[in-house]
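A.B. asks: Generate coordinates for the sequence data below:
(one chain, ligands or ions: 2)
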Amino acid sequence: MKRILSGMRPTGKLHLGHLVGALNNWVKLQDEYQCFYMIADWHALMSEYEDPKLMKESCYEMVRDFVASGLDPGRSVIFVQSHVPEHLELAMIFSDITPLAWVERVPTYKEQLREIKGRDLTTYGFLGYPILQAADIAVYKADAVPVGVDQVPHLELTREIIRRFNGLYKRDIFPEPAAILTKTPKLLGLDNRKMSKSYANFIALSDTPEVIKKKVNVMITDAERIRLQDKGHPAVCNVFSYFSTFTKPDNVSKVKDWCEGALRGCTECKKGLAEILIENLDPIRTRRDKMPDSEVEGIIAEGAKRARKAAGETMAEVKKLINLMP
Ligand code: TRP
Ligand code: SF4
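C.D. replies: Ligands and ions are numbered 1, 2, ... in the order given. Next comes the predicted model:
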């Protein structure tokens, strides 16, 4: 079976954006690939180092969200990055062969330095972010990496580093990983801005029905639809795009007709959306709530064992190739 690896930084509870933008896809990929799903705590630390007190709790929450969403710890390796020191060994070697200019020109690097306020990211570690990411992928010899478009530059650098490594030592040790891009349309936040933890404009996978109702209620609708008799424009309404994402096509066209024909008001429409989201998230929340810490700890321990085995095999091969002592 071909292998994939992907990861997320543990920076808080997961939300609907993670579900449709990544997790649902990760769940499907389990049927076709041997999957490694990683909680990238070292990567999180690169930006959260000043205040890491929620790190452990976020890792636990992430395992709950992963498993409740359908990642199967029996088939997939669900693990915490910092439990597998082999990533760092390979990152060290990759640092040696990566020209400084390659990391300096990664577009996300300068962008984040500019955009992320209130944190000092002018560190050595942060510059090396994509080198560690390349090692994350290569240490499992992953053939493919499911990611969002924002990660494409990192994957491109990964491929360049791998090509350089294979070229320097004249052995195709690492496959050049392909990107598996998620096709789902981007889900905006409740306020029509990008869905993000820092804007607090998301519905978490763990939100209760009451919270979901409240959140859906404040969603922005078609601004031109003020009175009930005004005809609406679903294409510009965020509530409608949620319908398109979370319900079946015949249901979606019903909502469209109601809106365009001014047959129902936005309040009623939102009630319908809240019900659908509650129905979608109910099994996830129930599964999460049933998962004691001990179960989470068991999954993490088993994941670490399996990940270290695979990563260890790669490192033994790498060390032999470049004449490092075993
Ligand atoms: N950089 C990724 C993100 O922010 C997380 C990540 C770390 C990752 N290592 C990875 C993703 C390896 C894919 C493969 O989303
Ligand atoms: Fe949006 Fe529904 Fe209101 Fe139409 S009726 S504008 S789809 S909330």
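A.B. asks: Residue 301 sits in which helix or strand?
C.D. replies: Using DSSP states H and E, residue 301 sits within helix 293-321.
A.B. asks: mind checking which helix or strand the closest residue to residue 150 other than its chain neighbours is in?
C.D. replies: Sequence neighbours aside, residue 108 is the residue nearest to residue 150 in space, at 7.1 Å (criterion: CB to CB, 6 or more residues apart in numbering). Using the backbone N, CA and C atoms, a C-beta is placed for each residue, glycine as well. Using DSSP H and E, the element containing residue 108 is helix 107-115.
A.B. asks: Could you do residue 180 as well?
C.D. replies: Residue 180 belongs to strand 178-181 when assigned by DSSP H and E.
A.B. asks: what about residue 282, neighbour count?
C.D. replies: 13 (other CB atoms under 10 Å).
A.B. asks: For it, give its distance to residue 124.
C.D. replies: Residue 282 is 45 Å from residue 124, where distance means CB to CB, to the nearest Å.
A.B. asks: cool, and residue 233?
C.D. replies: Taking CB to CB, one finds residue 233 at 50 Å from residue 124.
A.B. asks: Between the two, point out the one with more neighbours.
C.D. replies: Taking neighbours as other CB under 10 Å, residue 233 and residue 124 compare with residue 233 leading, 15 against 6.
A.B. asks: My guess is the more buried one contacts residue 239. True?
C.D. replies: No. With contact defined as CB atoms under 8 Å, residue 233 does not count as touching residue 239 (11.6 Å).
A.B. asks: what does the stretch 101-250 of the chain put close to ligand 1?
C.D. replies: Proximity of the stretch 101-250 of the chain to ligand 1, by CB under 6 Å from any ligand atom, involves residues 133, 136-137, 145, 147, 151.
A.B. asks: residues in contact with residue 182?
C.D. replies: 21-22, 25, 146-148 (CB atoms under 8 Å, 6 or more residues apart in numbering).
A.B. asks: Take these and keep only those in strands.
C.D. replies: 146-147 (DSSP state E).
A.B. asks: secondary structure element for residue 122?
C.D. replies: Assigned by DSSP H and E, residue 122 falls within no helix or strand.
A.B. asks: Which residue, neighbours along the chain excluded, lies closest to it?
C.D. replies: Nearest non-adjacent residue to residue 122, counting by CB to CB, 6+ apart: residue 113, 6.8 Å away.
A.B. asks: How many residues are close by the one you found?
C.D. replies: When neighbours are counted by other CB under 10 Å, residue 113 comes out with 14.
A.B. asks: what's the answer for residue 141, then?
C.D. replies: The local packing of residue 141 (other CB under 10 Å) involves 19 other residues.
A.B. asks: surely it meets residue 176?
C.D. replies: No. At 10.7 Å, residue 141 and residue 176 do not qualify as touching, with contact defined as CB under 8 Å.
A.B. asks: OK, contacts around the nearest residue to residue 11 once chain neighbours are set aside?
C.D. replies: Closest residue to residue 11 apart from its sequence neighbours, by CB to CB, 6+ apart: residue 44 at 5.7 Å. Residue 44 is in contact with 9-11, 55, 58, counting by CB under 8 Å, 6+ apart.
A.B. asks: Is there proximity between stretch 306-316 and ligand 1?
C.D. replies: No. Stretch 306-316 lies apart from ligand 1 when judged by CB under 6 Å from any ligand atom; the minimum separation is 12.7 Å.
A.B. asks: Thank you kindly, that will do.
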